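Undergrad: the sequence and its predicted three-dimensional model are supplied below.
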Amino acid sequence: MKNNEDKFDLPQGTLDLLIMRIVALGPIHGYAIAQRIQQISRDALQIQQGSLYPALHRLEYKKFLASQWKSSETGREAKFYELTAKGRTRLRTETENWVRLTDIVSLILKGTLEEI
Amino acid sequence: MGWLGRLFARKQMEAELDKELRFHFESQVADKVRSGTAESEARRQTRLEFGGIEQIKENCRAPRGTLWLESTLQDLRYGVRQLRNAPAFTCIAVLTLALGIGANIAVFSVVNTILLRPLPFPNAHQLVRIVEKDPKAGESSKTYTADITQDFQQQNHSFQSVSGYFAFTGPNNFKLSGSSQPTPATGILIAEGFFETLGVKPAIGRLLRPEEFVHHAQPAALLSYSYWKRTFGGDPGIDGKTVDLSDKLDLNNSSVTVVGVLPQTFDFGAVFSPGAKIDLFVPYIMDDFRNDGNDLALVGRLKPGVSMAQAQSEADALFPQFYFENKHPEYGKGSTAQLTGLKDYVSGKLRRSLVVLWCAVGMILLIVCVNLSSLLLTRAAARSREFGMRIALGAKRSRLVRQLLTESLLLAMVGAILGLGIAYIVIAYLAHQGSLSLPLLSMVRIDGTALAWTLFIAVGAAVLFGITPALQMSNNHLQEVLKDGGHGGSVGRRHDRMRSSLVVTEIALACVLLVGAGLLLRSFLRVLDVDLGFEPARAGSISFDSDDGGNPAKRVAIWQEVVRRASTIPGVEAAGISDNLPMSRNRSWGIAAKGQQQVDAKDFVPVFVYIVSPGYRTAMGMRMLEGRDISWEDLVNNRNVVVINQTVAQKLWPGQNPVGRHAIAGGADAEVIGVVADVRETSAEEAGGAQMYLPATKQFGPEGSYLVVRSKLPPDSLAGSVMRMLRDINPGQPATEFRPVQGLVDHATSPRRFFVLLVGAFAGLGLLLASLGIYGVISYVVTRKTQEIGIRMALGATQTRVQLDVIWETMQLALIGIAIGFAASLALARLIASLLFRTQPTDPLTFLAMVVLLGGVALLAGYIPARRASKIDPMVALRTN
């Protein structure tokens, strides 16, 4: 486990966005999602099981994700999630929103005091 | 998967959730092992990283949206288990609830039928009853002549239709002859359009047609559903058949065509003549009754959009102009009309009684709730550690309240189901009480509204009795609960205070109920004690057929023979005949004193008429005040004599002796030969009005005949010999019933008896529950104080001392309750003042009796635990700590 200082608190709703983004790459099970996020973020983001699975289930009940039991790379049966059409639309709009929001936020934060 | 699918696929979903998390766990362990950690260490680390796996699962379940239901089901399962583990508590709680709720459903069904539900006719709100504004002489002033009826039918613009029925029908006024023995039947004469006005459609055949309402029409009749079933075996082809039916008034046997059968839902008696069973309906032919005076009870159906006030003002303009009889304008005019909604007319008088009944039964439910609250508090105290533990494990307060309320609700629902059963039995019993003179009673049933009401009171009760213990319980501070051994801690004391105030409330409620019941009971006893003017006990009556062919001389001979032979039956003290009995049929004529001046229409006093034979007065047990009774010579010689009652004597000859004076009675000149005491002719509670007794001469033809016998034996034992004697004289005598005269009085007092019985039963129930409440609390206190009492006894307190202390504690509660109840009763008794009969709402005896009774019961309820307390062995008590 890493030190707490290296970890981020994800803003509300961001986890859902990240999960959908990873799942959009192809069917994937929960453990792999956590690993993938950790790898991509170069260990900066560690998704706790306690947040990951409730989020997955929430997204599934909202029909953004669909799931299927398949054998994993190790041969064990795992629950693979994939993005539904509804999820794909959702991911697109959410991503746009996110990009716009971060652009605006960074625009403001990077500006000099005079510009404010 | 939809919501419902998720609810039912719970097991599979749980398995999958488990499998999914396990996969994650195993993958993580495998990764760690791969990077060189020992497997046992890898598992330990992974388990640490995972944290509470149950919590994760719970968070994954939350989005399913089925959790609330699952937790409710869980609460229910837990509740059922809890209740099953305490069978004694559950039984007592469910039984008291069943009694309380059952009584409420039963009373509500009665109230609903009589007061709330519209009458069982289409657009019943349009139906109106029309009566004289100032009812002076019983039923006669609630009726109109044929001419007035027709004039009003033709001239009004407010009504779609106006019709009526002949209001003076006695029971068994018809005789059905045919295959076997003739049987009596009760028929009502109805004016044209009666059923059309009410909106009643026949079940079989048709209604009566206009041409059947004209003079010399082919006789036709409609049958009531129950008569058709009973007498004709429900023959589906009955319409069009002729039956041999004779009217006792004409005694001309005639074949009558049955044109139809009325529907089962139509009960004439229930609406118009409580307690009466009507078998058939025949046309009231106006032309035959033109000279008969007031005899139609009018019912009208308002046109849509016409208000009662509009109709009333039209009636106010029309009625005074109508001549009583168009052929005899000299009889004058000047009738009035008071319009009342039929529903109000039928049940308005009962409103207050029923509301009181409703309140009484509501109070029972309150007492039940208070009792249960107290029981639950005791139970909650015993369970405080369980709840303390749950709080310690992280249960939220609202979750605990929910759990406790679910248990209350469970109790209430089981109680309600049992209560429905009780109510069903009670109602089935009530609906078949034909002798109860309450309108619509036969139509009482548990309908949808009653079921909704049941649900409402069950949930209401559950919240009421569950909320206090639930809040009290969840309010406990964790520390205190786990520390408090349940003996003398502050929580324990707080519960005691709460319990004590519950008991006080209970006693106060019981107090109010007892006072109400006491006042009603005293009124009822006063009613039974009333001087009726006759003695119903040991008298019996039977309706018989004279078979005189309309010949007065022959009738007198038959009457004489019947009375003579009845008097010789062993055990018979007196026998006599009348065509009318008190508290049954209602009929009035006029009487005026004959003096020097010409007698005017306004000189006539409306008067109840009894056309009698000698011996009737003694058989009924009436008192002769002055003069002599009617004799056989009067009948044989066609002498027109009249016996009047005190009221008539005072009205016509105030301060003088009326004997020997002449009067115009029943349209003839008659000599007053005697004065008898007033007889209560409509009810036991209303003083008798003007009454007269006429001999059955040619002038005064009787309408039917009742033989009345007074005997030393119970009247029932004479039934066989009286019927044999009547059959002997007239083989065509129908199989009428020999009834005790007391039955007439019982019928008249039955509504009051009904209310007294119910309110009394509720008060008894309240008393029982209150005493159980006192007993429960005091025993609990004694149990809790076992140690304290043990110490006191070890220090030298005597058994008596300990007993007295416990009893004093009980009496303190009882006295506070009685004091509050006393004050509340004083205030509330005024509200039922109008229901009382010769009893003050502040009747000291009733209040005293209530205090003594409640005090005594409280004493008893406290004595049992007090005795137990005094039997405590100090050694044992101290050791049990």
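TA: Right, received. Where do you want to start? All of these numbers come straight from a predicted model, not from anything done at the bench. Numbers count the residues shown, from 1 in each chain, chains lettered A, B, ... in the order given.
Undergrad: show me where chain A has helices.
TA: In chain order, chain A shows helices spanning A:14-23, A:30-40, A:49-61, A:85-110, with DSSP state H as the criterion.
Undergrad: show me what from chain A comes close to chain B.
TA: A:1, A:29-31, A:34, A:48-50, A:53-54, A:56-58, A:61-62, A:69, A:72, A:74, A:76-79 (C-beta under 8 Å from any C-beta of the partner chain). (Glycine included, C-beta is placed from N, CA and C.)
Undergrad: with just CA atoms, put the helix or strand encompassing residue B:562 into PDB.
TA: Under the assignment given by DSSP states H and E, the secondary-structure element containing residue B:562 is helix B:552-567. Output for helix B:552-567, consisting of C-alpha atoms alone and laid out as PDB, is shown next (Å, rounded to 0.1, in the frame of the first residue of the first chain):
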ATOM      1  CA  PRO B 552    -121.500  -8.200  12.900                       C
ATOM      2  CA  ALA B 553    -124.000 -10.400  14.800                       C
ATOM      3  CA  LYS B 554    -122.200 -13.500  13.800                       C
ATOM      4  CA  ARG B 555    -118.900 -11.900  14.800                       C
ATOM      5  CA  VAL B 556    -120.100 -11.100  18.200                       C
ATOM      6  CA  ALA B 557    -121.300 -14.700  18.700                       C
ATOM      7  CA  ILE B 558    -117.900 -16.000  17.600                       C
ATOM      8  CA  TRP B 559    -116.000 -13.600  19.800                       C
ATOM      9  CA  GLN B 560    -118.100 -14.500  22.700                       C
ATOM     10  CA  GLU B 561    -117.400 -18.200  22.100                       C
ATOM     11  CA  VAL B 562    -113.700 -17.600  21.700                       C
ATOM     12  CA  VAL B 563    -113.500 -15.600  24.900                       C
ATOM     13  CA  ARG B 564    -115.700 -18.100  26.800                       C
ATOM     14  CA  ARG B 565    -113.700 -21.100  25.800                       C
ATOM     15  CA  ALA B 566    -110.300 -19.400  26.200                       C
ATOM     16  CA  SER B 567    -111.300 -18.600  29.800                       C
END
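Undergrad: follow-up on the earlier one: out of the helices of chain A, which is closest to residue B:852?
TA: helix A:49-61 (68.3 Å; C-beta to C-beta).
Undergrad: remind me which residues of the chain are low pLDDT?
TA: I went with chain A, as the question did not name one. Within chain A, the ranges that satisfy pLDDT under 70 run A:1-9, A:12, A:112-116.
Undergrad: wait, chain B was what I had in mind.
TA: Across chain B, the ranges flagged by pLDDT under 70 are B:1-3, B:135-141, B:179-180, B:248-253, B:434, B:474-495, B:586, B:596, B:601, B:880-881.
Undergrad: excluding its backbone neighbours, what's nearest the residue most central in space within chain A?
TA: Most central in chain A under C-alpha atoms, centre = their mean is residue A:18, positioned 1.6 Å from the mean C-alpha point. Computed as C-beta to C-beta, 6 or more residues apart in numbering or on different chains, the closest residue to residue A:18 that is not its neighbour in sequence is residue A:37, at 5.9 Å.
Undergrad: give the contact list for that neighbour.
TA: For residue A:37, the contact set (C-beta atoms under 8 Å, 6 or more residues apart in numbering or on different chains) comprises A:18, A:22, A:45, A:47.
Undergrad: how many other residues sit next to residue 61?
TA: With no chain named, the answer covers chain A. Residues lying near residue A:61 (other C-beta atoms under 10 Å in any protein chain shown) number 17.
Undergrad: that answer is for a different chain, and I need it for chain B
TA: A count of nearby residues for residue B:61, using other C-beta under 10 Å, gives 19.
Undergrad: ok, the one 10 residues further on next?
TA: Residue B:71 has 15 neighbours, counted by other C-beta under 10 Å.
Undergrad: ok, now the one 4 residues further on?
TA: Taking other C-beta under 10 Å as the criterion, the count of residues near residue B:75 is 19.
Undergrad: now residue B:737: how far from residue B:277?
TA: Separation of residue B:737 from residue B:277 (C-beta to C-beta, to the nearest Å): 12 Å.
Undergrad: more neighbours: these two, which one.
TA: Set side by side, residue B:737 and residue B:277 show unequal neighbour counts under other C-beta under 10 Å, the larger going to residue B:277 at 18 against 14.
Undergrad: in space, what's closest to the more buried one - neighbours in sequence excluded?
TA: Take residue B:277 and drop its neighbours on the chain: the residue closest to it by C-beta to C-beta, 6+ apart is residue B:269, 5.7 Å away.
Undergrad: that neighbour: which element?
TA: Under the assignment given by DSSP H and E, the secondary-structure element containing residue B:269 is helix B:268-272.
Undergrad: other SSEs contacting that helix?
TA: Other helices and strands packing on helix B:268-272, by 3 or more C-beta pairs under 8 Å, 6 or more residues apart in numbering or on different chains; DSSP states H and E, are helix B:342-347.
Undergrad: in the helix or strand just after the helix it packs on, which residues are buried?
TA: Using DSSP H and E, the next helix or strand after helix B:342-347 towards the C-terminus is helix B:351-382. Neighbour-count burial for helix B:351-382, with 16 or more other C-beta atoms under 10 Å in any protein chain shown as criterion, is recorded at B:353-354, B:356-381.
Undergrad: could you identify the helix or strand that succeeds the host helix or strand of residue B:772?
TA: Assigned by DSSP H and E, residue B:772 belongs to helix B:742-784. Sequence-wise, the next helix or strand beyond helix B:742-784 is helix B:786-794, with elements assigned using DSSP H and E.
Undergrad: show the subsequent helix or strand relative to that following helix.
TA: helix B:799-829.
Undergrad: before we move on, the earlier item: ok, now which ones touch the residue nearest to residue B:277?
TA: Taking C-beta under 8 Å, 6+ apart as the definition, contacts of residue B:269 comprise B:275-278, B:442.
Undergrad: and those residues, which is closest to chain A?
TA: Minimum separation from chain A among the contacts of residue B:269 (C-beta to the nearest C-beta) is found for residue B:442, which lies at 57.1 Å.
Undergrad: number of nearby residues for the closest one?
TA: Residues lying near residue B:442 (other C-beta under 10 Å) number 22.
Undergrad: excluding residues flanking it in the chain, which one is nearest it?
TA: residue B:270 (4.8 Å).
Undergrad: next one: residue B:681
TA: Distances taken as C-beta to C-beta, 6+ apart place residue B:582 nearest to residue B:681, at 4.7 Å, with adjacent residues excluded.
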